[in-house]
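Colleague: what follows is a predicted structure for the sequence shown.
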Amino acid sequence: EAGVAQSPRYKIIEKRQSVAFWCNPISGHATLYWYQQILGQGPKLLIQFQNNGVVDDSQLPKDRFSAERLKGVDSTLKIQPAKLEDSAVYLCASSLGPGQGNEQFFGPGTRLTVL
Amino acid sequence: DAKTTQPNSMESNEEEPVHLPCNHSTISGTDYIHWYRQLPSQGPEYVIHGLTSNVNNRMASLAIAEDRKSSTLILHRATLRDAAVYYCTPSSGSARQLTFGSGTQLTVLP
């Protein structure tokens, strides 16, 4: 079974530039998550999708971050414009559904460096 | 959201058992406890989860205190490949989200 795919794996940009990350979840997984992981910290949930609808985006900085999951499969996370503090690993995860025991499967992440 | 407390780091010798503790005194009665681990340069990986009873799978065992205010992840025979950051996280809220703290960095000594 193929895992969660993310691209690119690494990205270096200058502040005020824009950047986009792509995620392809495991086939059949209805729930998709984007996390931000700053060095030395645990992942922080940014947004959760159920199919193509947003379940929770309360921790997404909406003035600069946006995310979409068209057709309920792939997802894109965008930052525009980027700030220095956005340097982090951006992780995508998917699960069958948001139930109690549903295991989340994580991708390898995209490491973003903002200069 | 329920908060968790874990030691920042622990060490273990290879092929010995490891007991990783987690305090979650504010957990609600319906929240599961999940454990994930993260190897260097990888995304987190599911280890185990439980509600009230002790749980076993091929990777580990989970012992949950009777009052559910704490739990312990047990690796029966640590290997060098078990060196990782281990996260204890409740699943809470209507969307059953995971809330990761800083976790415990496990070092396995040969």
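Modeller: On my side now, so go ahead.
Colleague: tell me the pLDDT of the closest residue to A:Pro25 other than its chain neighbours.
Modeller: Distance criterion CB to CB, 6 or more residues apart in numbering or on different chains; nearest residue to A:Pro25, sequence neighbours excluded, is A:Ser94 at 3.3 Å. (C-beta placed from N, C-alpha, C; glycine too.) Per-residue confidence (pLDDT) for A:Ser94: 94.
Colleague: surely A:Ser94 is in contact with A:Ile26?
Modeller: Yes - checked against CB atoms under 8 Å, the pair A:Ser94 and A:Ile26 is within contact range at 5.2 Å.
Colleague: which one's more surrounded, these two?
Modeller: Ranked by neighbour count (other CB atoms under 10 Å in any protein chain shown), A:Ser94 and A:Ile26 place A:Ser94 first, with 26 against 17.
Colleague: what's across from that one in the sheet?
Modeller: Legend: beta-bridge partners of A:Ser94 under DSSP bridges are A:Leu32, A:Phe105.
Colleague: residues near B:Arg81, how many?
Modeller: B:Arg81, neighbours per other CB under 10 Å, totals 8.
Colleague: that one and A:Leu32: what is the separation?
Modeller: 28 Å (CB to CB, to the nearest Å).
Colleague: ditto for A:Pro25
Modeller: In terms of CB to CB, A:Pro25 sits 5 Å off from A:Leu32.
Colleague: and A:Thr76, bridged to which residues?
Modeller: Beta-bridge partners of A:Thr76, as defined by DSSP bridges: A:Trp22, A:Glu68.
Colleague: the helix or strand of chain A with the lowest mean pLDDT - contacts with which helices or strands?
Modeller: The helix or strand of chain A with the poorest confidence is strand A:53-56; it has a mean of 92 (mean pLDDT, DSSP states H and E). Here strand A:53-56 touches strand A:44-50, going by 3 or more CB pairs under 8 Å, 6 or more residues apart in numbering or on different chains; DSSP states H and E.
Colleague: contacts for the strand it packs on, please.
Modeller: A:30-38, A:54-57, A:59-60, A:65, A:67, A:69, A:72, A:75, A:77, A:97-98, B:95, B:97-100 (CB atoms under 8 Å, 6 or more residues apart in numbering or on different chains).
Colleague: joint contacts of A:Ser94 and A:Ile26?
Modeller: A:Val4, A:Phe105.
Colleague: mind checking pLDDT for the most centrally placed residue in chain A?
Modeller: In chain A, the residue lying closest to the centroid (CA atoms, centre = their mean) is A:Trp34, at 2.8 Å. pLDDT for A:Trp34: 98.
Colleague: show me the contacts for it.
Modeller: A:Cys23, A:Leu45, A:Leu46, A:Ile47, A:Ala67, A:Ser75, A:Leu77, A:Tyr90, A:Leu91, A:Cys92.
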